[in-house]
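Student: for reference, the sequence and a predicted model appear below.
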Amino acid sequence: MIQPSKRLNNVEEYYFSKKLKEVNLLKAHGKPIINLGIGSPDMAPSPLVVAALAESLNNQSAHKYQSYQGLPELREAMANFYKRHFGVGLSPLNEILPLMGSKEGIMHIAMAFLDEGDEVLVPNPGYPTYASVTKLVKAVPRYYDLTEENNWHPDLFALEKEGLEKVKLMWVNYPHMPTGAIPTNKLFEDIIKFAKRNNILVVNDNPYSFVLNDYPKSILKYLGAKDNCIELNSLSKTFNMAGWRVGMVVGKQEYIEAILNVKSNMDSGMFYGLQKGAIEALKSSKMWYTSLNSVYEERRKLAWQLADALQCTYEKEAAGMFVWAKLPHGTDAIQFVDKLLKEKSIFLAPGNIFGSQGNGYVRISLCAPTEEFEKAISRVDKTKSMKDELTESQIAFLKKYNFGMEDMFDAKGLTTIEYMARMKAEGKRIAYNADPCKKEGHTLRTKSGHCAQCNTYRFGVKKTKQKNNKK
């Protein structure tokens, strides 16, 4: 058998590629999985975008190879987009290169600028692909820690003390994934100065600027940025076009030409219809962004409720399509996520897949309908779920006899024999949603199948005490 390249020894299959196989297998076996782990927009693009794609199919040029640099009108639309939303002037002739998704751009940039042994500054936590691609081109990732105490911003002075002679490239990503940290003007200004002092090319990966973020920023807006900075952007998140694979890299002509040298040897241009749809998306009015964010705002409130039910803390002043939630102290993220998937059929992303600084956190995706969040909250917050299903007298009864969450079992849809067996196996004492006894509202049962409200002595309350209570 022919052996794979040795370069693959330094990388492994992407976490979500592996985990989704497990999730899909559970679904195939009938598990009602709620997937809140993946950042793939579930809403549709604008109808105008879809119409532009459909109309393009009748064009005589639609099915031919396309330009490596994209349609001139697409680059013009990208330039107008940057001017209108970021205040950045770009030449559509030589400062913009359309990409088949910005993830493709990460590889093209690495191949264009890195040689074997070059060092690359990679955020921890951060997008795992930055490090994987670095290793694939035989460069060396140097992780820089981001901490909650520093608002998930890099400590640039500490980095300089470590010596940066071999560092050629630095990945930054603001608004930040997975934490949602927002860049300040000072942060971008400091990064630009840092890059100049140390002769480093900075790449800002910027796909989340328009999701739950009132002040979109581009690093190229700042004085002197084009000398040492380029920027990736994408239509995936902003326009619900993740599957279309349309992105861009923008910056100084010399940098764009170097990336084009790689890209032109890797593909034969983006499909014509996708480009026409992208042009329409980039022209979207303010109403598009307002509508998009109103949906995400509603979902984020529910994600906060889910985080509360999981006893997590989180930062409300964050951008992007995720909630970065801090687990109770000492909780391992991988174990927590696996347990949640097994016991509640809810999938979240464990923070440590984004780097060691992510351990103790989970990432909750907003890319699911509100109904899915409500189901997830109900599964986790059993107290809320019970209160929705029990009468006030039943709740008072449980409180009177000191029954806690750990004692309760939901018997809905189960026969007496079935729930008794399950209660015994799980060590539960009281079943709710069971078939009622002769008395109206009596749906609480003991592990022996008797009505708990009629037979309190069956869970340790003496009959004599019961009689005394009746006097």
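Tutor: Alright, I've got the coordinates.
Student: A strand includes residue 362, no?
Tutor: Yes. Read with DSSP: H, G, I helix; E, B strand; the rest coil, residue 362 is one of the residues of a strand.
Student: correct me if wrong: it contacts residue 313.
Tutor: No. Using Cβ atoms under 8 Å as the test, residue 362 is too far from residue 313 to be in contact (11.4 Å). From N, CA and C alone the C-beta is placed, and that goes for glycine too.
Student: who has more neighbours, those two?
Tutor: residue 362 (29 against 12; other Cβ atoms under 10 Å).
Student: test for you: state the pLDDT assigned to the nearest residue to that one once chain neighbours are set aside.
Tutor: Once flanking residues are discounted, residue 362 sits nearest to residue 348: 4.6 Å by Cβ to Cβ, 6 or more residues apart in numbering. Looking at residue 348, its pLDDT reads 95.
Student: do the same with residue 405
Tutor: 68.
Student: anything in contact with each of residue 362 and residue 313?
Tutor: residue 325 (Cβ atoms under 8 Å, 6 or more residues apart in numbering).
Student: output stretch 211-228 as CSV, nothing but the C-alphas.
Tutor: C-alpha atoms of stretch 211-228 as CSV (Å, rounded to 0.1, in the frame of the first residue of the first chain):
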residue,chain,number,x,y,z
VAL,A,211,-23.3,39.5,13.0
LEU,A,212,-24.5,41.1,16.3
ASN,A,213,-21.9,43.9,16.0
ASP,A,214,-22.9,47.5,15.8
TYR,A,215,-19.5,48.8,14.7
PRO,A,216,-17.9,46.7,11.9
LYS,A,217,-14.2,47.3,11.5
SER,A,218,-11.5,46.4,9.0
ILE,A,219,-7.8,46.5,10.0
LEU,A,220,-7.1,48.1,6.6
LYS,A,221,-8.9,51.3,7.7
TYR,A,222,-6.0,52.2,10.0
LEU,A,223,-3.0,54.3,9.0
GLY,A,224,-0.2,52.3,7.4
ALA,A,225,-2.1,49.0,7.6
LYS,A,226,-1.6,48.0,3.9
ASP,A,227,2.2,47.9,4.4
ASN,A,228,2.0,44.9,6.7
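Student: for that stretch, buried residues please.
Tutor: 211-213, 216-222, 225-226, 228 (16 or more other Cβ atoms under 10 Å).
Student: count the neighbours of the closest residue to residue 129 other than its chain neighbours for me.
Tutor: Distances taken as Cβ to Cβ, 6+ apart place residue 106 nearest to residue 129, at 5.5 Å, with adjacent residues excluded. Under the neighbour criterion other Cβ under 10 Å, residue 106 is assigned a count of 23.
Student: ok, now which ones touch residue 106?
Tutor: So residue 106 contacts 129, 130, 133, 205, 232 (Cβ under 8 Å, 6+ apart).
Student: now it, what's its secondary structure?
Tutor: helix.
Student: same question, the one 10 residues further on
Tutor: What three-state DSSP gives for residue 116 is coil.
Student: for the stretch 301-450 of the chain, what spans make up the helices?
Tutor: For the stretch 301-450 of the chain, applying DSSP state H, counting those that start in this stretch gives helices covering 333-344, 370-380, 382-389, 392-400, 416-426.
Student: out of those helices, which gets nearest to residue 244?
Tutor: helix 370-380 (23.7 Å; Cβ to Cβ).
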